[in-house]
Every structure is written in structure tokens, then in C-alpha cells.
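> Return a 3D structure for these sequence lines:
(chains A and B)
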Amino acid sequence: MALKIVKGSIDRMFDKNLQDLVRGIRNHKEDEAKYISQCIDEIKQELKQDNIAVKANAVIKLAYLQMLGYDISWAAFNIIEVMSSSKFTFKRIGYLTASQCFYEGTDVIMLTTNQIRKDLSSPNQYDTGVALTGLSCFVTPDLARDLANDIMTLMSHTKPYIRKKAVLIMYKIFLKYPESLRPAFPRLKEKLEDPDSGVQSAAVNVICELARRNPKNYLSLAPLFFKLMTSSTNNWVLIKIIKLFGALTPLEPRLGKKLIEPLTNLIHSTSAMSLLYECVNTVIAVLISLSTGMPNHSASIQLCVQKLRILIEDSDQNLKYLGLLAMSKILKTHPKSVQSHKDLILQCLDDKDESIRLRALDLLYGMVSKKNLMEIVKKLMIHVDKAEGTTYRDELLTKIIDICSQSNYQYITNFEWYISILVELTRLEGTRHGHLIAAQMLDVAIRVKAIRAFAVSQMAMLLDNGHLLAGNMQRNGICEVLYAAAWICGEFSEYLQEPNQTLEAMLKSKVTTLPGHIQAVYVQNAAKLYASVLQQNEQAGNKEAAQEITQMLIDKLPQFVQNADLEVQERASCILQLIKYIQKLQAKDVPVAEEVMALFSGELNPVAPKAQKKVPLPDGLDLDAWINDAPSESSSDDESPKKMIFHEEEQRNVRHRQPELDEDELARRREVRKQEQANNPFYIKSSPSSQKNYQDASGVDHIPVVQIDLTVPLRVPGMPLSDQYLKLEEERRQQQKQDRLKKKKKQKKDKGKRRHDSLHTESDEDITPIHHVDIITEEMPENALPSDDDDKDPNDPYKALDIDLDKPLTDNEKLPVRTHRVTEKKAPEVEAASIEDKSKKPKKAKKEKDKKKEKEKKKSKDKVSKKQKSAENAEHVHAAPEEETVTPTSKAEESEKPTGEASDLDFWLSPAPVQSKSQSEPHSNEVASEPEETLKENKKEEDAKSLKHKKKKHKEKSKEEKKSKKKKHHSEEEAPESVQNGSLDDEPLPPMSNYCLLAEDSYVKMMYDIQGNLQDGSQVVVSVIFQNQSNGYLKSMEFNVLDSLNTKLVRPEGSSIHDGISVPFQLPPEVSNEARFVFTVESIIMPQKLKGTLTFIVKTDDGSSHEKLDFKLHFTCTSYMITTPCYSDAFAKLLESGELKMCSIKVDGINISFQLLLAKICFHHHFSVVERINSCASMYSRSIQGHHMCLLVKMGDSSVSVDGKCSDSSLLGNLLDELKQTLTEKC
Amino acid sequence: MIKAILIFNNHGKPRLSKFYERYSEDTQQQIIRETFHLVSKRDENVCNFLEGGMLIGGADNKLIYRHYATLYFVFCVDSSESELGILDLIQVFVETLDKCFENVCELDLIFHVDKVHNILAEMVMGGMVLETNMNEIVTQIDAQNKMEKSEAGLAGAPARAVSAVKNMNLPEMPRNINIGDISIKVPNLPSFK
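Numbers count the residues shown, from 1 in each chain, chains lettered A, B, ... in the order given. Take a look at the predicted model:
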């Protein structure tokens, strides 16, 4: 055997290892592929050997080849072999290679399940680690389901190294197996407070990832995250949390208000740019969510903008980029604050970095106003000329169009200028956005009536020069503009100066090289043009010209009839026949123009893009029913929704078929439209008469148009025109200004008393558009709904994780467990639960064979299940315990849920006195939790000062909020009513506080609360709130207690047991603050009382005096308990173990609800509910020294019986006594 | 989430590729090529963020990269990651490599891609950041290396000897192609931790 191993290893040393392979590839540069295929053959040989080392060597070489792009899936089985090696070295190789090439489609992947499970439970943490890492890359739904429970156990592993990996991989498990989310969530939440920062960070990471997709389900975690945010010093964690808050605030504006202050503090204090940037981002998100009602609203915005400006001005391109990115977010809601930095942004347009230029471009969108639009676009046009890369140039082009067309052309004062800009843009070579320009041309020409004459002249020019554009049509889409040009010239042919010439241009043989859809438009519009030329000639009595033009069409059209494009062919042949017929009529001297014109008569209106979709279904119309006598229009509905740039096409077709709509109907529609327009803020009414000319197509002349000499730009084709408009516009505005000034002067003379400060600067509103523009709004069907709810993606992979996490867990929501575990004796307490458990377990065994059935059963069970279990612990100190719902149907549950959640969050969001603690916590922590450290006096003072400052602010705030609290109480009083109505099972819980009075005199009041230290089983932390009740300053406060043998105050090193601990702050009048003191305890089974003294100096205006106040600190057994969640299975096991001693109490005369009772026990005695069945609940808690404490609480008519089990009988006895006291006292 | 981590040299030769989403080998190569094309044409003095990697899905994604001497380190991430945070993470990654390989150079990455993978696995897991503390990462890597050595034991000796001999007559092994200014901190990015 030994010989074999040695022999094997000697063989092996002549095998190629990874380094040899790499070297070989580098030495065979010219025939690399051949060499590699040789190597793959060798690898295949190696894989056939028994020696696992040889196999591992082969597999790692495969991993390298995979990186070079070779498919290695054929070796999947060998990879699994290597994964299952007992040696870590090989195992790691196996998992690494698997992570590179395994995926859901790998068929052998299911063979790995047991191997992975074995590795996960390996005693060697690195085996486990390597398995987790590998699994994170190739987890499949099956693996996730089978391994979820194992990984969940690992989340409580003793080693943080494993814990953090297990926590992190849970995200992948959730994605693949969404059912696991609810059962695993309580533990995940628990990990947010893990003592190891790495684990904590992993948990934050996972929850942030989850919450990003479905934020509303995680709102209830906000208090916890808030606490983390104010206490964590890990920037990674902070960034994640702050990003998360950014996602949460839109859902809960009150959260935003709460965030502003700490975030602002962070912005001021942090030196890490990454953190600063994320803070700014979230503040922006908050400000967006709070539309109004923030007093220091503008201050925060200013702060953000100012910080961003610093980023943008930085020489580091990265910061510049991010600064611009964040700026664009502000822009959406607070354009004014960004506009003041226009200089900076325009400067960024010249940056050498394209990413930065693109960002700056985004910002420009919001910078424009009527005043500066032309100027900015001019600047962009210069950039267009200079731009080298087509991508950037295309981006510029789209931006120009975006900027100009935004909010219904709001900023365009001169549409002639805009048309000429569009025409200039057509000269761009190689752009892919021809259709965009075309769409704009059409849109403007259709919607702005006054511009049609000018647009038509420009389009005619484009058609004349069409060959220039058509020349490079193969490479780009700029020829698309010809589509628009042809259509505009045809549709508005009455404005054409020289229709004959345009008609000829449209029928040139060159046209046939254009794409089919453009030719089709050419043909159609040539016909329209022909109709109008015909009419002109006929009216002028010029028969010869009319016949000439008919002949020309007959000559030219056949070239289209032979076209390969069907659409062109069809239209051409149709029109050709028509014209031949006209020719015949003309020969007979019949006037035909009128009839030909009738073909194309009528006004076209733009239709909103979604109009078709929004046509409401009329009452009584069943679309699925058979229609026996087809209505005449039905054929037009069948029109294929082909990609059409303008929707009018459809309309026109309809119109051809029914040239005359019912007159009444028309009148009615007009009326509706008028009303719609009247309500539409974007509808710019040109003049009172504009509604009228809406009807008669030819009556544009009475729209007041400022005369511009059109002939100049028209006669110079190809010359950039838009610049001229700049000058013209400048002059015009000057003119207007003067006019206005004159007017004003007149007015002033008229009304001498007029206020002087109205001496105006030129603002947006003052600039009147050069054209009185008639922007026709898009037509929508009557009664159409304005909502835009059709943009949701149904295939979102994260949708499955949209799971309500606040609902208590039900019994059947468990992770699948391997099932050979037999449950034995059950303690009476959980009988009900265990019976169900028992009945369920065999089912689960079946599950693997018969998944589908089980799923169905599960579903039905979900519905029926009446019993719900809350494994979620009773939250944190400042949040009320969760409400429990015992509703029979899931439907009722859903309807109730929001109220439950809201009240939880409400409680946190309305800062009750308890809450105030969490805010001051981090500060007092710094000082008080490290008493060993010898603190320097002056440092302390600094701390105290900042605290004082904070406190003051806080006080003011809390005053305000007291009011709101009162209101809240009010609403709570109303709640019971609805309970009686039976619609509400949850009862809002009154705010509770654990702070009790320690001592009080005329100067100071002390409240205290004692809590166990999670990390150290021998320590408890006493939090004391000092409140100054005098009108003097309280200074030099010292806190001292007389230690007992069992309980000792932790003092700074070097001080004797008689020294007190100085309180790290001073108190101005009427101010309170909290300090924390750490005590060590040895035995915790008995309650304890310690005598102590507080000495302090009161400084008033009259002078100062030394004062002291004695107190007794009462360490109850409750204070040694720590709220610990427990799962019912673990709970059952615990009770079964038989190591626990039992004791019970009974309290009579209790008339509060069971819900409230549980809440009280949870809150005051640090318990968590394991399970609740009707008026019976099991609860669990743990002492700081690890005593388990189980309670069974039963509620009778007016009595409560509590059975307790604990590993220490005296602790149990004492605790039950305290419990009794709480219940009798406070009920 | 981090979607992919790529390392390639100035000529686009891949030195490490780690995809946290499934792509076929061909697509992977295409992504590497495209990314190289995008990244390599950028000047030294421009920002380290790039939008519009066409192949790795969607507008939500960004490329965040750093260029060290002969190597590009590219992370493709979505919007849940902090841009500056990832830049720092790249820095931590490279510094960790530097520590583990003692003055890392491109050749280390070429010949020990498996080790690089192992180091990366301690930092990023399944596309999520696992650990950012360099000392912690190095400790774990060292512990694993120790295990590996003890496992190799006697049986591994002959192989090591042969490999040493092979490396002896290796002209291209000089370690002078250093990754250069590896210790340079990013201006205006005070250390993250």
C-alpha cells in the first residue's frame, strides 16, 4: 500500500502541473489551439486514473482552460470526484472548478447534495468555508431546498468565519428557494446584532439586497437599522444601510424626517468620501420623498448641492463623475438649486472624459429655460461638430432633441429656430437617430400650426437635396428624415412655394434606392401633392399644365410599381390606375380637381401613443362574443399595428372609408375635446379664435405671426440657419423689453402710486414666444383613464421574494429537514404543537419522493391553518412587541396586516421617551461603556459639550412631538371600539417604558433601567437618565455605589472601590441625559439591592453648592434576562431534556387582554413568544449566564396562570415573583 | 451585487475571470473582450466608472476598474454597490495579493491563478462582499496554506522538488515586471476603514 502511494507520487511528478501548462501555452504561441487540444487529451488520460492527486491536478488545469474559453462541462463528474476528496487541498480545487463551470443546467449537480452537506458539517472550518463559497456560485433550487436547513444551522456556528459565510449565502438560497425566506428571516435579523462585525456586515448586506427589491416588506426593520446606523463605525455597513434607507424613505416620509439629522451630522463629520457621497444621495432621496413641510428643507438641499459642488470641482475625475450623477437626482425635484451651478456644468461639457460629459449632458436637461435654451443648444451644436466618436455624438443629438422637446416644447419660443436646428442635424453623418429627428419634424409640423409654412419650405429643400441624404442610407438612419419631409410636403402641400418642383423631386429615380417604407410615403404623398397641383392648375384654368402634370405622374409611377417592397408596389399601382382614370376624364374636359382633393381632405390630429390601448370598453360589449353581422368599420380595426412613426396613418385609412362622419357626433367630440383642452395646462391656446380654425383646414392666416423674411434662409440651402435666429431672437427680446418698458412707463404715469420695485429683470415669463403657437394636444379616447400602470415587468426574478416578513410564522413554514429524527416524549406544554408536528413529519419524509403533492397540500394547509406561531422575538427595547393575529382566513389577515405594521412603526417614528435613549446611545456609549479607560478631563468636557448641544436640539424636537403623541393617544382610544366590532383583532399597545425611578430631589431626578450584557455573561449595564429639575447648572456629577460581594461597579483602572464614577456630562436647566454604568455580577439567581450616592455641584446665579442624593439600585432577576428568540422545535427539545425545574404562580383579577399581557411580559421581563394558541402561550428567555427560562402562560376568565421551567429553581422563583408583581401592580 | 470580476493585461489576455451569474464560455470570452475594448481605450486620467457594458445585463450595471502597471482589475457591479467603495475594494484586493505573493507581479497571477481565486473567495462570495479587512483575509489565507502544506507532507516532497527544478531553468521567471505603484493611495480617498 505504502509502496503504491510512493509509486503514485513518483509517477505524478512527471505529469504536467498547472504551471507547466501555462508555460507550455506561452511557449506555443503560434499553435496554441493545437497545443491545448493535446493538453486536453492528456488531461482526459489523467482523469481516468485512480489517484485523486492526479485527478485534482487535471481538474485545476481545466479550471485554467475554462478561463481561456474552453468548455469543460464534460469533466463535471470528475470535478465532483475531486470535490469529495478528504484532503482540503483537493477539495478546494474541486469546489473552485465547480464554481467556475457548474450551473443549474449541469446534470450531475444533484449528485453533490450529500457531499456538500457532509462538508458543511465538517469539523474543519475551512472545509465548510470552501463548500459555502462553492455553493454560492452554483446553488440550484433543488440544492437550496435540500440544504437550506443545514445552512441555517451554520448561521449560529461558533466561528464567525463560518457564520458570515452562512449568512451571506442565505441570499442565494432565498433567491432560488423563496419559501425559505420567512422561516430563516428571524435568525437573519438576529445576526444584525451579532458580536462579530463581519457577520453583522454580512447580514446587513443580505437584508439590503433583499430590501432593495421589495422595500415595503422591510420597513419594520427601520428602527433596527437606524440603531445600527448611529452606532456602527464600519463604513461598509454604514454605506449599505444608508443606501437601504434611500430605498425605504419613499415609502415612509416620516422615516425621512428622522434620518435627516443623523445624516447631516455624518455629512459634516465623515472623512470618507464614499460615505459622504452615499449620505448626500440618501438625503436627496429623503428630500424627494418629503415634498413639503420641512422647515430646514432648503438648508439640507443647499448643504447637498454645496458638497456636490466640492466633489465636482475636485481634480479627481471619479468624484467629479459621482458629483454630477447625484446632482442630476436633485435636479428632478429642485431644479432651482442646481441651476445656480450652470457655469460648473457647462464647464464639465468640455471635460476630456466622455463619461463626465455624458453626465453633464444629463444635467443640462434641467438647466434650460426659455431664456437660455437657444444659447445652450448652440453650445451643444458646436460640440456635435467637434465630437469624434459616434456614440457621443448620437448622445448629443438625442439630448438636444430631449432638451428642446421636453414638457411639450415648453422652452421653445421660436419654432422656426427649432426646425432649422433639426434640419442642421440631418447633416450629421453616421448617426443612428434619423428616425428621432423625423419624429420631431412630424410632431412639430403637426402640432404647431403656425410653423407649417416654414416647415414645409424647409422640408421641400430637404427633398430637393434628398440624394445627399440617400447617398449614405446604407450606413445610417438619417434617410429617415426624408420620410418626414415627404409626408409634411404632401400633407401640407398648400404651403408649398413650388409644388411642381417638389413633386418632381419626389419622383426622381434616385428615390427607388431608399428603404421601402420611405418610398411608400413618397408615393402616397406624391399623390397628395398631385391633387393640390391639379387643383391649382384647374382653378387657374390652366388645362395644359394640369394634363402635363398628370402625364408626368403616369410616366414616373411605373418605376414604383415594379418595386420589391409590397407596400410601395400596392400604393403605386393603385395610384397609377387612379391617375390614368383622371387622365381619361381630363381628356373629356371634366373638372376633376375637387374630387381628387376630396380623397385627401380633412384635418389630422395627433393621437396619444397609448390612445388605442385606453379606449374604454363600452357597456354591453363582449369582445369574445361572436359578431354575426359585421359592422362596416370592423375591417379597419384589424389593421396590423405595424411600426408607424405617426399614428395618423391609421386614422387616415379610416377616414377614407367613411369620408363623412355623422355631423352630430363630430360636434359632440369637438365639445369634449375643447373641455379637455381647457383643463390641460399644456394646451397653449393661440387666441380665442383658434378653436374655430381647428375646423376649417385652410384658415391659418388669421393666426398672428410675426413676419420674418423667410426668403433668406430658404434660398441658401445647406447653410446653418439656426445662428441667425439667435441674433434675431436677441433683437426681438430687446424690442419686447423696450416695448414693455414703455408700457410700464405709461402705466406708471397713469397710476402714479404704483410700487417701484417692480422694475423687472427679464425672467422666463416675460419672454413671449415669437409665434403664438398652437400646440395641439394629443387626442385620447373619451373616458380614457389617465393612469400609467402598464409598465410593470411581470418577469422580475425578485418578485418571488416579495414576501411579507412581519406575519408570524405558521407551523408549516419550516425548512425541509432530513427526516430520520424521531420525536419522543413531549412536555405537556407543547402538546398541541407536537401533535401537529408528528403528523407532519412523516409527510415530509414523503416529500422527497412526491414533491408536487406535498406542495398542493401545503397550499391548502396554508389556508386552513388556524394556529399561528410567532418565532419572531418581541423586538427590541424600544419597539412594542408584535401583535399577534389569530384569524382563521388568510384573507382577513391580509387586510389587517397594514394596520399592525403601521402601529409598530408608528410607535418608533413618534419618538416616545424610550426612543430618545437610542438616539443618545452612541454618545453615552463612547464614554460610559469603557470606564476602564482613564479619560482625560478635557476630552470629557468636549464630549459633554457636544452632548449638551444635541440634547438641546432634541428637547425642542420632543416638545413638538409630544403634541403629535397626544394625537396618537387619541386615536388609540378609538381603537377598542373597532375591536368590539370584530373587525380588528390587534389591539394597539400603549407605549411602555422599563425605566423606573431611582431617586429624586428638587435638583435632579434619576430614572434607571438595567440590562444584561450580551457579550459578557458577568456584566450588566445600568442606564441612568439624569434630569435636571432645578434652574441651575448641574456640574461634576459623581455616581458611586457601595459594592457588595456579588455585585461590583466597574471603575476605571487604578481607582479604589470608594471612588465614584464621574458622569460624563453637565446638565443645563430642564435638560436630561443618559449615562451608562457597568457592573459585574457573580451570581444572578437572587435579586440584589445596592446603596449608592450621587454627588454634584449646583451652579446658580447666586453661587454654587455641593449636593448629594442617596439611592438604592435594585437589581431584579429580570434584569439578568436577555430577550432571545427560540424556535418551537428547540423549545420542545429543551422541555424534553428533563433538566429543568418547575414552579408556577397564579394571579387573579386580571382584566387586560391576553395580547397586552404577553406584550408586558415580553417587554418588562425580556421574554419572547415561542408559540401562541388562543389564550395560551409559551415564552422563552435566557439569562446572561445561560440559564434557560421557559414559561407557559394561560389566561382564564380573570386569572392568569404561569408555569415556569428553568435550570435554576431559585432564579425561577424570584423571577416569577417579580412577574407576579408586574402583573398585579400594573394591571 | 457584484456581477463579475475580471483581470486582464494590457493586451486583453485574461488573467482571472470570475462570473457570479451564468454565462456560457463563449459569452464569457465575449464579455472579456468587450470589457477590454471599453476599458483599454480610456485615458489614464479619466474617471474609473463606465456605464454600458452591453453584455452583462442592463442599465443598472456599471464597470468599475483600476489599472495597475500591466493589469486591469475590472468589477462589474449593479447599483446596490457604492462606486467608491468598490474602488477601495479593488485596492484592498491588490494590496492583499501584494502581501500574499510578496511583491506581486503579473507573472504571479499567470502561474498561480488558483491562489488568486482563493484569495478572492475570501473577499467576495457569490457576488457579495464578504470581508474588507486585509489582515483578516491574509490570516485566513495563511491558515489555509498551512493546512495545504501539512497535507502535502512527505508525499508532496518529490513533486515539489521536481517543480523547483523545472522553475530553475525558467528564463522567463524574473520578477522584475512589478505592478509598480501598488502602494499609491487614491487621492482624496481617505482609507475606507
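
> going forward, measure contacts and count neighbours with C-alpha atoms only.
OK.

> Could you measure from the closest residue to residue B:112 other than its chain neighbours over to residue B:107?
Of all residues not flanking residue B:112 in the chain, residue A:19 sits nearest, at 7.5 Å (Cα to Cα, 6 or more residues apart in numbering or on different chains). To residue B:107, residue A:19 is 11 Å away according to Cα to Cα, to the nearest Å.

> One more: residue B:65?
20 Å.

> What does residue A:1204 show for phi and psi?
Note on residue A:1204: backbone dihedrals following degrees, to the nearest 10 are phi -120, psi 150.

> Tell me the bridge partners for it.
Going by DSSP bridges, residue A:1204 is paired in beta bridges with residue A:1143, residue A:1191.

> Tell me if I'm right that it and residue A:1210 touch.
No: if you go by Cα atoms under 8 Å, residue A:1204 and residue A:1210 don't touch, sitting 11.6 Å apart.

> who has more neighbours, these two?
residue A:1204 (24 against 15; other Cα atoms under 10 Å in any protein chain shown).

> What are the neighbouring residues in contact with that one?
Residues near residue A:1204 by Cα atoms under 8 Å, 6 or more residues apart in numbering or on different chains: A:1142-1144, A:1189-1192, A:1212, A:1216.

> Tabulate those (TSV), appending neighbour count and pLDDT.
Converted to TSV, the contacts of residue A:1204 look like this (neighbours: other Cα atoms under 10 Å in any protein chain shown; pLDDT from 0 to 100):
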residue	neighbour count	pLDDT
A:1142	17	83
A:1143	16	83
A:1144	16	83
A:1189	24	85
A:1190	27	86
A:1191	25	86
A:1192	22	86
A:1212	26	86
A:1216	23	86
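
> What is the nearest of those to residue A:299?
Nearest to residue A:299 among the contacts of residue A:1204, counting by Cα to Cα, is residue A:1189 at 52.0 Å.

> quick one: low-confidence parts of chain B?
Counting by pLDDT under 70, chain B shows low-confidence ranges at B:52-58, B:154-193.

> Now do the helices in it.
B:25-40, B:83-101, B:106-111, B:113-123, B:134-152, B:157-168 (DSSP state H).

> what's the closest of these to residue B:16?
Closest among these, using Cα to Cα: helix B:113-123, at 6.6 Å.

> contacting residues around the closest one?
A:60, A:64, A:93, A:96, A:133, B:15-16, B:93, B:96-97, B:109, B:129-132, B:137, B:140-141.

> Could you provide the helices of chain B in TSV, with additional columns for mean neighbour count?
Shown next, in TSV, are those (neighbours: other Cα atoms under 10 Å in any protein chain shown):
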stretch	mean neighbour count
helix B:25-40	18
helix B:83-101	20
helix B:106-111	19
helix B:113-123	20
helix B:134-152	15
helix B:157-168	14
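
> Residue A:1035 touches residue A:1098, doesn't it?
Yes: under the criterion of Cα under 8 Å, residue A:1035 makes contact with residue A:1098 at 6.3 Å.

> Am I right that residue A:1037 falls within a strand?
Yes: according to DSSP: H, G, I helix; E, B strand; the rest coil, residue A:1037 belongs to a strand.

> Excluding covalently adjacent residues, which one is nearest to residue 77?
Answering for chain A, as no chain was given. In space, residue A:77 is closest to residue A:108, 6.6 Å off (Cα to Cα, 6+ apart).

> not quite, I wanted chain B
Nearest to residue B:77 is residue B:2, by Cα to Cα, 6+ apart, at 4.3 Å.

> And for residue A:1077, the neighbour number?
23.

> Wasn't it part of a strand?
Yes: counting by three-state DSSP, residue A:1077 is found in a strand.

> Model confidence score at it, please.
Looking at residue A:1077, its pLDDT is 84.

> and what of residue A:31?
Per-residue pLDDT puts residue A:31 at 89.

> Tally up the residues packed near residue A:105, please.
10.

> In three-state terms, label it for me.
coil.

> Backbone dihedrals for it, please?
Phi and psi for residue A:105, reported as degrees, to the nearest 10, are phi -80, psi -10.

> Same question for residue B:80.
Dihedral angles for residue B:80 - degrees, to the nearest 10 - are phi -80, psi -10.

> Verify the stated contact: it with residue A:207.
No: Residue B:80 is not in contact with residue A:207 according to Cα under 8 Å; the separation is 11.7 Å.

> Which secondary structure state is assigned to residue A:994?
coil.

> correct me, but it touches residue A:1164?
Yes: using Cα under 8 Å, residue A:994 is in contact with residue A:1164, at 6.2 Å.

> Settle it for me: which of these two has more neighbours?
residue A:1164 (19 against 15).

> Output the helix or strand hosting that one as PDB, restricted to C-alpha atoms.
Under the criterion of DSSP states H and E, residue A:1164 resides in helix A:1154-1165. What follows is helix A:1154-1165 as a C-alpha-only set of coordinates in PDB (Å, rounded to 0.1, in the frame of the first residue of the first chain):
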ATOM      1  CA  PHE A1154     -54.100  38.400  26.600                       C
ATOM      2  CA  GLN A1155     -52.300  40.300  23.900                       C
ATOM      3  CA  LEU A1156     -51.400  43.100  26.200                       C
ATOM      4  CA  LEU A1157     -50.400  40.700  28.900                       C
ATOM      5  CA  LEU A1158     -48.000  38.900  26.600                       C
ATOM      6  CA  ALA A1159     -46.600  42.200  25.500                       C
ATOM      7  CA  LYS A1160     -46.000  43.200  29.000                       C
ATOM      8  CA  ILE A1161     -44.200  40.100  29.900                       C
ATOM      9  CA  CYS A1162     -42.100  40.400  26.800                       C
ATOM     10  CA  PHE A1163     -41.300  44.000  27.400                       C
ATOM     11  CA  HIS A1164     -40.800  44.200  31.100                       C
ATOM     12  CA  HIS A1165     -39.300  40.800  31.600                       C
END
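
> Quick check, residue A:1128 in contact with residue A:1168.
No: using Cα under 8 Å as the test, residue A:1128 is too far from residue A:1168 to be in contact (11.6 Å).

> These two: who's more crowded?
When residue A:1128 and residue A:1168 are compared for neighbours, residue A:1168 comes out ahead with 30 against 22, by other Cα under 10 Å.

> That one contacts residue A:1121, correct?
No: between residue A:1168 and residue A:1121 there is no contact, the gap being 11.0 Å when judged by Cα under 8 Å.

> For residue A:1037, list the residues it contacts.
A:1062-1063, A:1065-1066, A:1094-1097.

> Against chain B, how distant is it?
36 Å (Cα to the nearest Cα, to the nearest Å).

> Skipping adjacent residues, who's closest to that residue in space?
Using Cα to Cα, 6+ apart, the closest residue to residue A:1037 is residue A:1096 (4.2 Å).

> partners of whichever strand or helix holds the one you found, with directions?
According to DSSP H and E, residue A:1096 maps onto strand A:1088-1099. Strand A:1088-1099 pairs in its sheet with strand A:1033-1041 (antiparallel), strand A:1104-1115 (antiparallel), by DSSP bridges.

> any idea which of these is most buried?
strand A:1033-1041 (a mean of 21; mean count of other Cα atoms under 10 Å in any protein chain shown).

> Next secondary structure element downstream of it?
strand A:1047-1049.

> quick revisit: quick one: which of the contacts of residue A:1204 is nearest to residue A:612?
residue A:1192 (64.0 Å).

> Could the C-alpha coordinates of whichever strand or helix holds residue A:1219 be exported in PDB?
Here residue A:1219, judged by DSSP H and E, is contained in helix A:1209-1226. Below are the C-alpha coordinates for helix A:1209-1226, written out as PDB (Å, rounded to 0.1, in the frame of the first residue of the first chain):
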ATOM      1  CA  SER A1209     -35.000  26.900  40.700                       C
ATOM      2  CA  SER A1210     -34.300  29.900  42.800                       C
ATOM      3  CA  LEU A1211     -33.800  32.100  39.800                       C
ATOM      4  CA  LEU A1212     -37.100  30.900  38.500                       C
ATOM      5  CA  GLY A1213     -38.800  31.500  41.800                       C
ATOM      6  CA  ASN A1214     -37.500  35.000  42.100                       C
ATOM      7  CA  LEU A1215     -38.400  35.800  38.500                       C
ATOM      8  CA  LEU A1216     -41.900  34.500  38.900                       C
ATOM      9  CA  ASP A1217     -42.300  36.700  42.000                       C
ATOM     10  CA  GLU A1218     -41.300  39.700  40.000                       C
ATOM     11  CA  LEU A1219     -43.600  38.700  37.200                       C
ATOM     12  CA  LYS A1220     -46.400  38.500  39.700                       C
ATOM     13  CA  GLN A1221     -45.700  41.900  41.000                       C
ATOM     14  CA  THR A1222     -45.700  43.400  37.500                       C
ATOM     15  CA  LEU A1223     -49.000  41.800  36.700                       C
ATOM     16  CA  THR A1224     -50.800  42.800  39.800                       C
ATOM     17  CA  GLU A1225     -49.300  46.200  40.100                       C
ATOM     18  CA  LYS A1226     -49.800  47.400  36.700                       C
END
